[in-house]
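A.B. asks: What shape does this take:
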Amino acid sequence: VEIPSNISKLSSLTLLDIGANQVEILPDSVGNLISLKELIAFKNALTSIPAAIRLLTRLEVLDVSKNEIKRLPDVFDCLNLKTLSVLKCPLEEIPLSIGALATCLEDIHIDRHLHLNDPPDTIVSRGTRQLLGYLLRAYRART
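C.D. replies: Residues are numbered from 1 along each chain as shown. Purely as a prediction, here's the structure:
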């Protein structure tokens, strides 16, 4: 299942719920949904999220749980997310830019045992605040 690229014409859309629809690709045109506050795309067949989400500066909730996403785009420093859910995704790494969300992100839902090299499982298992603190320090060291 594909999302039509002309979805970008819905610039006033605040909620896009495409959960449990076997969607395989989230088009770059999703970045044109400038009013979007919630993007719910759990339980699909997504393997990636377009870097164009960096344009969604009003986005507060991103739920891409239960997809086949291995890498998230490293663009989270452009967002103001309050909730990020990536449960049941085979992530290979967590972008350091998520650390830039330390002041606004309230909840990050991530599997505790991904066996990532960075951050280590011991940090991930401590919860949102510790994970964000770790990512923020790493993000600042990188920039």
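
A.B. asks: For the residue nearest to H115 when sequence neighbours are not counted, grab the count of nearby residues.
C.D. replies: Nearest residue to H115 in three dimensions, chain neighbours excluded: D121, at 6.6 Å (Cβ to Cβ, 6 or more residues apart in numbering). Every C-beta, even on glycine, is put in place using the N, C-alpha and C of the backbone. When counting by other Cβ atoms under 10 Å, one arrives at 13 neighbours for D121.

A.B. asks: ok, D121 touching L131?
C.D. replies: No. If you go by Cβ atoms under 8 Å, D121 and L131 don't touch, sitting 10.8 Å apart.

A.B. asks: end-to-end on stretch 5-20?
C.D. replies: Stretch 5-20 has an end-to-end distance of 19 Å (Cα to Cα, to the nearest Å).

A.B. asks: Same question for stretch 20-38.
C.D. replies: Distance across stretch 20-38, first residue to last, is 16 Å (Cα to Cα).

A.B. asks: again with stretch 91-100
C.D. replies: End-to-end distance of stretch 91-100: 19 Å, with Cα to Cα as the criterion.

A.B. asks: What ranges does the protein have for its strands?
C.D. replies: Secondary structure of the chain (DSSP state E): strands at 15-17, 38-40, 61-63, 83-85, 107-109.

A.B. asks: Just give the strands next to the first one in its sheet, each with its orientation.
C.D. replies: With DSSP bridges as the test, strand 15-17 is paired with strand 38-40 (parallel).

A.B. asks: Can you give the distance from the partner strand to the centre of its chain?
C.D. replies: 10 Å (Cα atoms, centre = their mean, to the nearest Å).

A.B. asks: average model confidence for it?
C.D. replies: Strand 38-40 shows a mean pLDDT of 98.

A.B. asks: what pLDDT does the residue nearest to H115 get?
C.D. replies: For D121, the predicted pLDDT is 82.

A.B. asks: Can you find the helix or strand of the chain with the lowest average pLDDT?
C.D. replies: Scoring the helices and strands of the chain by mean pLDDT, DSSP states H and E places helix 121-124 at the bottom, with a mean of 86.
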